[in-house]
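*Asks:* Generate a structure from the sequence data that follows.
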Amino acid sequence: MPRKHTIPKFLEDIVHPDTYERWLARKAAAHCKRDRSRGCAGVTQSLYKEAIHAAVLFSEGRDAYTAYSGEDERDSGRKPNGIPVGR
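*Replies:* Okay, here's the model as predicted:
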């Protein structure tokens, strides 16, 4: 079955596609839970998945706060974009 959210090129050799999908689902669920507890009833996990995936693609592997690339983070032992490393 084709994936709705293809793994970004900069993560292909780092993260297995299933791991990326699970990470995306967990992040979307956490944001939905947070927003629903704040009274936003109209939020959906699918909208958050789309937004988070678009943000990951837009980042091109760079951290928004430090501007480190995935390679810089791997060299320092950090995980790229908070996504679990490993296959």
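*Asks:* Just the element for the residue positioned nearest the centre of the chain, please.
*Replies:* Nearest residue to the geometric centre of the chain (C-alpha atoms, centre = their mean): Leu24, 5.1 Å. Using DSSP states H and E, Leu24 sits within helix 17-37.
*Asks:* same deal with Leu57?
*Replies:* Element membership of Leu57 [criterion: DSSP H and E] is helix 45-59.
*Asks:* how about that helix: buried residues?
*Replies:* Buried positions in helix 45-59, judged by neighbour count with 16 or more other C-beta atoms under 10 Å: 45, 48-49, 52-53, 56, 59. No exception for glycine: its C-beta is placed from N, CA and C like everyone else's.
*Asks:* Among those residues, which one sits closest to His5?
*Replies:* Lowest distance from His5 to these (C-beta to C-beta) belongs to His53, with 4.6 Å.
*Asks:* pLDDT score assigned to that closest one?
*Replies:* His53 is assigned 93 on the pLDDT scale.
*Asks:* What separation is there between the nearest residue to it once chain neighbours are set aside and Lys49?
*Replies:* Using C-beta to C-beta, 6 or more residues apart in numbering and skipping residues adjacent in sequence, the residue nearest His53 is His5, 4.6 Å away. Here His5 is placed at a distance of 7 Å from Lys49 (C-beta to C-beta, to the nearest Å).
*Asks:* shared neighbours, those two?
*Replies:* Between them, His5 and Lys49 share these contacting residues under C-beta atoms under 8 Å, 6 or more residues apart in numbering: Leu24.
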